[in-house]
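Undergrad: below: sequence and its predicted model.
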Amino acid sequence: GGPYTQITTSLLTSSAYSDVGLTNGTAYFYVVKAVDVGGNESGNSNEANATPIDQDLTLVGHWKFDEDGGTSAADASGNGNHGAISGATWTTGKAGGALQFDGGDDYVGVGNGPSLNLAGLITIAAWVKPTITDGLRDIVAHGYTLSPNAAVFLRINAGKYEIGSWNGKNHFTSFSIPSGDVNNWVHLAGVFDGVAWRLYRNGVQVSALNDATGAVTVNANWAIGSRGTGTERFFQGSIDEVRIYNRALSAAEIQALTSGTLSKDSNLEPKIDLSETIRPQRFHLEQNYPNPLRASAFGRSPFNPATVIRYELPEPVHVKLVVYDIVGRKIRTLVEAIEPAGFRQVIWDGANESGAQVPSGTYLVQIHAGSYKMTRKLMIMK
């Protein structure tokens, strides 16, 4: 293809780039180049394309979790239902970033704005990567509370996925979780279409319950990763791309949502997934930035510094990224998972496994990726 117009030379800190100021219905084509620290430039990547489209006004909440830091999760639906992150940490998602929940007290509170207090038709969808499936663990939930005493939920319950509502009586359908879903990304969507509650897994309907009761009005908050009150039923694992619609998506729309081809979306900015268009040619651990890490880094308080550690994976591999002190004692495990090929990063906040800030000094960051091993020094100055 081509010729192409250069649109940015900025350092990209994630595997996605959003273009703005485009015309709906017009196809745009993109390529990317990589430049190493020596200024050596690669050739063009494979071409990616995107066509911006009109907003779907029935999408009342959409949390992409692509911020890569901070304690807020933006609502991309345009309805202002932004989330407040409590405890959950940033991680690599199904698309861009995601949030990881520890199953103990992590959640995202998203309030109960007018657009979210739904009754009747509803669709709740999310990518999830559960690490355990026992107990009662809400993925997305509304309520419950008195006046009225009710709840709406997409959850895990004793080894089953469930979608439905409760108003003193149960109105939900469920599906036994396959063992292969643990530690793997799975797309879940729950729908009430006026006739039945329907549960979809990876774009395929797996259960249904005929019922006259759909979403119920609840005078309480929504939450991601816990009960709406943020007090119990905590999810353990990672969650990405949460969506709530005030209508019932069709089976074809659920399939398109799973495959990423749903034609009508709230995001008017075509997103290029760089991990699909360009791939590292080697294993590599970069020097952390900033280094030395000072207490005032990134404008944070003197007791909450942060540094970015980037690494490259040319193929899917088991990764272990650990911080040690200078004599080799483990301080914190930052990554321990099988990760896909791509340019990766993790943020270390200067805390040990217990959450306490470490003292000034020299530390070691070590990566094991398959047979690849590399160590770099990291300085903390307070």
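TA: Sure, I can see it.
Undergrad: okay, now the unreliable bits of the chain?
TA: Scanning the chain for pLDDT under 70 picks out the ranges 1-2, 9-18, 20-21, 23-25, 37, 50-55, 145-148, 261-279, 293-305, 382.
Undergrad: beta partners for the residue nearest the centre of the chain?
TA: The centre of the chain sits closest to A98, judged by C-alpha atoms, centre = their mean, with a distance of 1.9 Å. Beta-bridge partners for A98, by DSSP bridges, are T91.
Undergrad: that one touches F65, doesn't it?
TA: Yes - between A98 and F65 there is a contact under C-beta atoms under 8 Å: 5.0 Å. Any C-beta I mention is one placed from the backbone N, CA and C, and that applies to glycine too.
Undergrad: need the overlap of contacts for the two.
TA: Common neighbours of A98 and F65 (criterion: C-beta atoms under 8 Å, 6 or more residues apart in numbering): W90, I239, D240.
Undergrad: show me which of these is closest to L57.
TA: Nearest to L57 among these is D240, at 23.2 Å by C-beta to C-beta.
Undergrad: surely the closest one and F101 touch.
TA: No - counting by C-beta under 8 Å, D240 stays clear of F101, with 11.4 Å between them.
Undergrad: the two - which one has more neighbours?
TA: Set D240 next to F101 and count neighbours by other C-beta atoms under 10 Å: F101 wins out with 28 against 23.
Undergrad: so the more buried one, which state does it fall into?
TA: Under DSSP: H, G, I helix; E, B strand; the rest coil, F101 falls in the strand class.
Undergrad: and it, how far is that from V322?
TA: Distance of F101 to V322, given as C-beta to C-beta, to the nearest Å: 22 Å.
Undergrad: same check on Q255?
TA: Look at Q255 and V322: by C-beta to C-beta, they are 40 Å apart.
Undergrad: again with Q281
TA: Distance of Q281 to V322, computed by C-beta to C-beta: 25 Å.
Undergrad: which one of the two has more residues nearby?
TA: Shown here are Q281 and V322; by other C-beta under 10 Å, V322 has more neighbours (17 against 11).
Undergrad: does that one count as helix, strand or coil?
TA: Look at V322: counting by three-state DSSP, its state is strand.
Undergrad: my guess is it meets K330, correct?
TA: Yes - look at V322 against K330 with C-beta under 8 Å: they come within range, at 6.0 Å.
Undergrad: ok, residues contacting the host helix or strand of H142?
TA: Using DSSP states H and E, H142 maps to strand 136-145. Residues outside strand 136-145 that contact it (C-beta under 8 Å, 6+ apart): 103, 112, 116, 118, 124, 126, 128, 130, 150-158, 166, 188, 215, 218-229, 233-236, 239, 242, 244.
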